[in-house]
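A structural model of the following input is requested.
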Amino acid sequence: MTNDSAAPSTLTPTERHSLAALLELAIREDLGRVGDVTSLATIPADAAGKAAFVARQAGCLAGVPMIAMVLQRFDPELKFKPLLADGAALAGGHWIGTVEGSMRSILAAERTALNFVQHLSGVASRTRQFVEAIAGTKAQILDTRKTLPAWRLLDKYAVRAGGGTNHRIGLYDGVLIKDNHLAAMRKAEGGRRNEIEDSVQRCREAYPDLPIEIEVDSLEQFERALACGPAIVLLDNMTLDDLRTAVGRRDAFAPQARLEASGGVTLDTVRAIAETGVDRISVGGITHSAPALDIALDYLE
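Predicted coordinates:
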């Protein structure tokens, strides 16, 4: 496939591998063993044409490299010309890119390409709304592991396109001690009362090169966690007053620790949370509840 003016891509090699695997699944479920029977029956094999990927609504673009990879996989002779890069602000009617070549190939690839760019642009658009809502504060918007199975790396790519920041990728690249870990420790070890301190110490000894984050849901737990020196303390479902108190205590006694707020964060509440002085706000909804952005493929000639 030829790119006349390739848009910049920030896909990592791992993300490209994930995309390639998803693409193979998508092709099998859409084409089966026969192919696009409608196009095969109605479109001459030598018919060529041109079409444009067009935004139908405002939002934030994510998925241009995905379009390119989809088209190349369906037909290496297709010529894709991206006109916008990921992260661009979209308005209804904006052209994202054009494709030229075999009409059979274009029509066969259409839905798969659109499924990728619509979903990822939806995630980027939702992320951009949260990022803009806290503009001027020091807080960052982070994603979570609440993603579609097998889509996590691409969803997190879209979060970056929308201006957000990636949290840990999975269970392997960062320690996050949550309430269920602490409850399981208490149960397994006879109702111990120092599970916060012990959990941090055990994780530090087992994985000295990984950042340690611990979740708390009260100021009493927060004080104990902060004294252990974790990299991040996750403040779960705390009131604004408690968040402000935690920030003040952190600033006075452990300024190196970062504070992350989470739990039911919405566009209506995120600004007030950011203004408490926390460093990070994690929002599951930017991935698990983002509606797809309306993008279409319009036949040109």
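
got the residue ranges for the helices in the stretch 151-300 of the chain?
For the stretch 151-300 of the chain, helices defined by DSSP state H, counting those that start in this stretch occupy the ranges 152-161, 179-188, 195-206, 219-227, 240-253, 270-274, 285-288.

quick one: closest of these to residue 298.
Comparing the helices of the stretch 151-300 of the chain against residue 298 with CB to CB, the closest turns out to be helix 152-161 (23.0 Å). In this view, the C-beta of every residue, glycine as well, is placed from N, C-alpha and C.

now do the closest one: everything it contacts.
10-12, 14-15, 18-19, 22, 60-63, 66, 86-87, 116, 119-121, 123-124, 127, 143, 145, 147-148, 165-166, 169-170, 286-287 (CB atoms under 8 Å, 6 or more residues apart in numbering).

about what we covered before: got the helices of the stretch 151-300 of the chain as a markdown table, with mean pLDDT, mean neighbour count and distance to residue 53 columns?
Below are these laid out as a markdown table (pLDDT from 0 to 100; neighbours: other CB atoms under 10 Å; distance: least, CB to CB, whole Å):
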| stretch | mean pLDDT | mean neighbour count | distance to residue 53 |
| --- | --- | --- | --- |
| helix 152-161 | 97 | 25 | 16 |
| helix 179-188 | 92 | 13 | 43 |
| helix 195-206 | 95 | 16 | 46 |
| helix 219-227 | 97 | 18 | 48 |
| helix 240-253 | 98 | 15 | 42 |
| helix 270-274 | 98 | 19 | 31 |
| helix 285-288 | 97 | 22 | 23 |
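
residue 261 is nearest to which of the ones you listed?
It is, among these and with distance given as CB to CB, helix 270-274, at 5.1 Å.

what angle do helix 152-161 and the longest helix anywhere in the chain make with each other?
For the chain, the longest helix by residue count, based on DSSP state H, is helix 103-133. Helix 103-133 runs at 60 degrees relative to helix 152-161, counting by axes from the mean of the first three to the mean of the last three CA atoms, to 10 degrees.
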